[in-house]
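Novice: My questions are about this predicted structure, shown below with the sequence.
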Amino acid sequence: MGANLPLLVWLLDYGAAAIFALTGALVASRQQLDPVGFIFMAVLTAVGGGTLRDLILNRTAVFWVDRPSLILLAAAAAMLVFWTAHLLESRYRWLLWLDAFALSVAVPAGIGVALAAGAPPVVVVIMGVITGTFGGLMRDVVGNEVPLVLKQGELYVTAAFGGALAGTALVWLGADRGAAVLACAAVTLVLRIGSMAFGWRLPVYRPRPPRS
Amino acid sequence: MGANLPLLVWLLDYGAAAIFALTGALVASRQQLDPVGFIFMAVLTAVGGGTLRDLILNRTAVFWVDRPSLILLAAAAAMLVFWTAHLLESRYRWLLWLDAFALSVAVPAGIGVALAAGAPPVVVVIMGVITGTFGGLMRDVVGNEVPLVLKQGELYVTAAFGGALAGTALVWLGADRGAAVLACAAVTLVLRIGSMAFGWRLPVYRPRPPRS
Amino acid sequence: MGANLPLLVWLLDYGAAAIFALTGALVASRQQLDPVGFIFMAVLTAVGGGTLRDLILNRTAVFWVDRPSLILLAAAAAMLVFWTAHLLESRYRWLLWLDAFALSVAVPAGIGVALAAGAPPVVVVIMGVITGTFGGLMRDVVGNEVPLVLKQGELYVTAAFGGALAGTALVWLGADRGAAVLACAAVTLVLRIGSMAFGWRLPVYRPRPPRS
């Protein structure tokens, strides 16, 4: 068998857009914006990473230009948050967890597109990382949050990188590309959730104490 | 009759570049930069939104690459501000008002280009919002100002969105595209100025008070 | 004779990537990131400016998509910093000086590519400035540093602009393009180092004292 790569990427693009849109709207709620502000932040987060991916890969059309329903989905997610976010105990906690799921869907969407475009392995890995992290990065820079990529001692870029690397390596070893994309999603999710739930981490840089 | 769409977009591109350049230079003045810093901020603001629009629409050439006079115009506007900004009572007030006019010229430039490219309605609306807001957003992020898109309770993205939506709807209803672009400019301006002068606003998100 | 333009640009791209990567990793060290965070910041800084240049010039492929070795070089530079940065007396001082050299290599890489693409003079100058400054700008925005482009009273954008202008003017006057690219590097470096070492500067904007 083997998963259908174009269909899989199509599904992942919608999934990433929907979940990232929720996180963008949560940041909008923390800034107390109006409904159009929610939609703006949601759409920026939903399609930011994939747009950069498509521009760099020089695709004929950026993915959402051909599928405006992605934008409508992100807008609907924004309104859902506008109407229900006050029911949440901690919006920041929801933001972190939803972002973990969005990351785990967007990284495989990134490598899937790069694989379909025939990019070399290093570029495939980078497209995974870019697609996974840049939507959230734009959300945090525009929305005045500390970028998650800078959170000390959490596996964030590392989760994206690990997932993208695992998927790319599997393809290089001869695995079915659809299966590799699914494995990429799993590795990214496990690394990110493991870091949040169990404190998994890599050693961080620490300067030596000043010489006395 | 009916307005000439290419000519109209051409004029709007120049108008948006000139006015956005003034706002970029005003931010440079708030950071006490040197003349080249003024020109850098002016050019970034002047062409940032339209550049993103053209990249996403995959136009053969970004608009100012074929028309370097746009850059020279923005540079001239920067020097005008460098020499005269000390005459202004409140540079921030000028920044806000000039930005309102630039927004109202850039949003129709965005929908005009997208209409000419045959984009679907959702994409036309988004191109209006991107062209209108991203130059100012880059200006604010680079120049260390609170992004105007985050100003609570003001119609900013909403003005851009309302104008873009009005223009796109008119075309969809069969109106002349040039007339629709002009209507877009008018709606954006009225919404933004109405918000600044009369406090028009949409309800913003407010979390419920904590449960006691 | 005359320098070989494609070879020269090729070398400059590698040089800029390596040195900018060091600065990106130094910013990562100031944020105490993990090794993957170092690589992320290094690669972002190394290829950010050139990527924007290539997108705007509509090149068939962004420069590092065809040459993934650039990414591996940047990653190696990141690990070098991760392992040795604690030996430095002042990481910020190293950041500033390395950035000066990276700027002086990236600006000529920018004008070289634009000249080879047959861009008009104004666009050539802008491509030099974009390629030189945007990698560092993205590094500073993402890494939460005050952007160097905003440092009061230092020639930074001005050094990039001066170098790009000098190189473009030489070509316009009939000089060999390779020689002009080298002159561009020299002028950028002299202006930037002169500003850092000897305090060279342009007059900055100062508002008049408030009227009494």
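Specialist: Sure thing, it's come through. Because the structure is a prediction, the values reported are computed rather than measured.
Novice: Now do the buried residues in the helix or strand hosting A:Leu170.
Specialist: In this assignment (DSSP states H and E), A:Leu170 forms part of helix A:157-172. The neighbour-count check on helix A:157-172 (16 or more other C-beta atoms under 10 Å in any protein chain shown) flags A:157-168, A:170-171 as buried. Bear in mind the C-beta positions are built from the backbone N, C-alpha and C, glycine included.
Novice: The helix or strand where A:Val36 lies vs helix C:35-56, what angle?
Specialist: Using DSSP H and E, A:Val36 maps to helix A:35-56. Here the directions of helix A:35-56 and helix C:35-56 differ by 80 degrees (axes from the mean of the first three to the mean of the last three C-alpha atoms, to 10 degrees).
Novice: For whichever helix or strand comes after helix A:35-56, which helices and strands make contact with it?
Specialist: Using DSSP H and E, the helix or strand that follows helix A:35-56 in sequence is helix A:69-84. For helix A:69-84, the packing partners by 3 or more C-beta pairs under 8 Å, 6 or more residues apart in numbering or on different chains; DSSP states H and E come out as helix A:5-30, helix A:35-56, helix B:121-142.
Novice: The helix or strand that comes right after helix A:69-84 to helix A:5-30, inter-axis angle?
Specialist: Scanning forward in sequence from helix A:69-84 by DSSP H and E, the next helix or strand is helix A:91-116. Compare the direction of helix A:91-116 with that of helix A:5-30 by the same axes, to 10 degrees and you get 150 degrees.
Novice: wait, what's in contact with the closest residue to chain B within chain A?
Specialist: Here chain A gets closest to chain B at one residue, A:Pro68, 3.4 Å apart by C-beta to the nearest C-beta. The contact partners of A:Pro68, by C-beta atoms under 8 Å, 6 or more residues apart in numbering or on different chains, come to B:120-123.
Novice: for the closest residue to A:Gly163 other than its chain neighbours, what are its contacts?
Specialist: Leaving aside its chain neighbours, A:Gly163 sits nearest to A:Thr188 (2.9 Å; criterion: C-beta to C-beta, 6 or more residues apart in numbering or on different chains). Taking C-beta under 8 Å, 6+ apart as the criterion, A:Thr188 is in contact with A:103-104, A:107-108, A:132, A:159-160, A:162-164.
Novice: ok, of those, which one's closest to B:Leu26?
Specialist: Using C-beta to C-beta, A:Gly132 comes nearest to B:Leu26 of the contacts of A:Thr188, at 36.9 Å.
Novice: which residues touch A:Met127?
Specialist: With C-beta under 8 Å, 6+ apart, A:Met127 has these contacts: A:53, A:56-57, A:110-111, A:113-114, A:119, A:164.
Novice: Repeat the analysis, applying 7 Å as the threshold.
Specialist: Applying C-beta atoms under 7 Å, 6 or more residues apart in numbering or on different chains to A:Met127 gives the contacts A:53, A:57, A:110-111, A:113-114, A:119.
Novice: repeat for A:Ile111
Specialist: Counting by C-beta under 7 Å, 6+ apart, A:Ile111 touches A:124, A:127-128, A:164, A:167-168, A:181, A:184.
Novice: and if you look at A:Ala114?
Specialist: Going by C-beta under 7 Å, 6+ apart, A:Ala114 touches A:57, A:123-124, A:127.
Novice: For A:Tyr156, give me the backbone phi and psi.
Specialist: Dihedral angles of A:Tyr156 (phi, psi; degrees, to the nearest 10) stand at phi -120, psi -70.
Novice: Leaving out chain neighbours, which residue sits closest to it?
Specialist: Closest residue in space to A:Tyr156, ignoring its immediate chain neighbours: A:Leu148 at 5.2 Å, by C-beta to C-beta, 6+ apart.
Novice: Quick one: residues contacting that neighbour.
Specialist: So A:Leu148 contacts A:99, A:136, A:140, A:156 (C-beta under 7 Å, 6+ apart).
Novice: now these in TSV, with neighbour count?
Specialist: TSV is the format used below for those (neighbours: other C-beta atoms under 10 Å in any protein chain shown):
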residue	neighbour count
A:Asp99	27
A:Gly136	27
A:Asp140	21
A:Tyr156	28
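Novice: Show me where chain A dips below the pLDDT cut-off.
Specialist: By pLDDT under 70, the weakly predicted segments of chain A are A:1-3, A:208-212.
Novice: Just the CA atoms of stretch A:133-140, as CSV, please.
Specialist: Extracted C-alpha coordinates of stretch A:133-140, given in CSV (Å, rounded to 0.1, in the frame of the first residue of the first chain):
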residue,chain,number,x,y,z
THR,A,133,7.6,27.3,12.9
PHE,A,134,7.2,30.5,10.8
GLY,A,135,3.4,30.8,11.2
GLY,A,136,3.8,30.8,14.9
LEU,A,137,6.8,33.0,14.8
MET,A,138,4.9,35.7,12.8
ARG,A,139,2.0,35.3,15.2
ASP,A,140,4.3,35.9,18.2
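Novice: got the residues of chain A near chain C?
Specialist: With the criterion set to C-beta under 7 Å from any C-beta of the partner chain, chain A comes near chain C through A:55-56, A:58, A:119-120, A:122-123, A:126, A:137, A:141, A:147, A:149-150, A:152, A:157-158, A:161, A:201-208.
Novice: For PyMOL, what selects the buried ones among these?
Specialist: Buried subset of those, written as a PyMOL selection, criterion 16+ other C-beta under 10 Å:
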select buried, chain A and resi 55+56+58+119+122+123+126+137+141+147+149+150+157+158+161+204+205
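Novice: For chain B, tell me which of the residues of chain A next to chain C show up nearby.
Specialist: A:55, A:141.
Novice: Of the contacts of A:Leu148, which pair is most distant in space?
Specialist: With C-beta to C-beta as the measure, no two of those lie farther apart than A:Asp140 and A:Tyr156, at 11.1 Å.
Novice: The helix or strand harbouring A:Ala186 to helix A:157-172, inter-axis angle?
Specialist: A:Ala186 is part of helix A:177-198, with elements assigned from DSSP H and E. Inter-element angle recorded for helix A:177-198 and helix A:157-172: 160 degrees (by the same axes, to 10 degrees).
Novice: By proximity to chain C, which residue of chain A wins?
Specialist: Counting by C-beta to the nearest C-beta, chain A gets nearest chain C through A:Val122, at 3.4 Å.
Novice: and that residue, how far is that from A:Tyr156?
Specialist: Look at A:Val122 and A:Tyr156: by C-beta to C-beta, to the nearest Å, they are 21 Å apart.
Novice: excluding its backbone neighbours, what's nearest the residue of chain A closest to chain B?
Specialist: Of all residues not flanking A:Pro68 in the chain, B:Val122 sits nearest, at 3.4 Å (C-beta to C-beta, 6+ apart).
Novice: shouldn't the one you found be in contact with A:Ile71?
Specialist: Yes - with contacts counted by C-beta atoms under 7 Å, B:Val122 reaches A:Ile71, the gap being 5.3 Å.
Novice: I'd like to know how far the residue nearest to A:Trp172 when sequence neighbours are not counted sits from C:Ala159.
Specialist: Nearest non-adjacent residue to A:Trp172, counting by C-beta to C-beta, 6+ apart: A:Pro121, 6.0 Å away. Distance of A:Pro121 to C:Ala159, computed by C-beta to C-beta: 37 Å.
Novice: In contact with A:Ala74, which residues?
Specialist: Neighbouring residues of A:Ala74 by C-beta under 7 Å, 6+ apart: A:17, A:21, A:42-43, A:46.
Novice: What parts of chain A come near chain B?
Specialist: Within chain A, the positions adjacent to chain B are A:29, A:31-37, A:40, A:51, A:55, A:60-62, A:65, A:68, A:71-72, A:82, A:85-86, A:141-142, A:144 by C-beta under 7 Å from any C-beta.
Novice: Run a quick neighbour tally on A:Leu72.
Specialist: A:Leu72 sits with 13 neighbouring residues when counted by other C-beta atoms under 10 Å in any protein chain shown.
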